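K.L.:
Here is the input, now give the coordinates:
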Amino acid sequence: MGLRASSGAVGLEQLAVEAFAEAVEVIPRALATNAGLNEIDVLMALRTAHKKGERDSGIDLDTGKVADMMARHVIEPLRVATQEIKSATETAVMLLRIDDVIAAKPFAPSPTGSEAA
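P.N.:
Take a look at the predicted model:
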C-alpha cells in the first residue's frame, strides 16, 4: 500500500499527501532515467509491487527489473532516509516562506522614476 492510499487524509490534506508522494517518486524516476530504462515502465512495476505488499521492492539497475532489495543486500538505514525527507521538506517550506515574503513586498518605484526590477 502506497503513501497515497495509506494516509487516510481528506480534502486539502489529501492534496498535500499527493504532492509529497509525487515528489518522492522523483527518486526512482531519476534512477531509471539515468540507467537508460523506461521510467514509466519501471514506476508502474514498482507501484504494482508495493501495492502487492512487497515493501522491500526497488529497482535493480543491473537487470532493469523490480527486485527484492533486502535479498540483494541493498539496505539504507531508516534514520538516513528519515533525515533526508525531513531536510528536503524543511528546505521546501523555507523556500515557500521566502517566496511569500517576496510576493508580499509592496511595489515601490525607484527615486529616479523608473520601475523597480
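
K.L.:
Could you use CA atoms for every contact and neighbour count after this?
P.N.:
OK.

K.L.:
Report all helices and strands that the longest helix seen in the chain contacts.
P.N.:
Ranked by residue count and defined by DSSP state H, the top helix of the chain is helix 78-104. Using 3 or more CA pairs under 8 Å, 6 or more residues apart in numbering; DSSP states H and E as the contact test, no helix or strand touches helix 78-104.

K.L.:
gap between that helix and the chain center?
P.N.:
12 Å (CA atoms, centre = their mean, to the nearest Å).

K.L.:
what is the mean pLDDT for that helix?
P.N.:
Mean pLDDT, helix 78-104: 83.

K.L.:
So what touches stretch 49-64?
P.N.:
1-2, 28, 31-32, 35, 37, 42, 46, 65-70 (CA atoms under 8 Å, 6 or more residues apart in numbering).

K.L.:
one more time with 6 Å, if that's ok
P.N.:
Met1, Lys65, Val66, Ala67, Asp68, Met69 (CA atoms under 6 Å, 6 or more residues apart in numbering).

K.L.:
Per-residue pLDDT of the first one, please?
P.N.:
According to the predicted model, the pLDDT of Met1 comes to 44.

K.L.:
Please apply the same query to the fourth one.
P.N.:
Listed pLDDT for Ala67 reads 93.

K.L.:
Three-state assignment for it, please.
P.N.:
For Ala67, the assignment made with DSSP: H, G, I helix; E, B strand; the rest coil gives strand.
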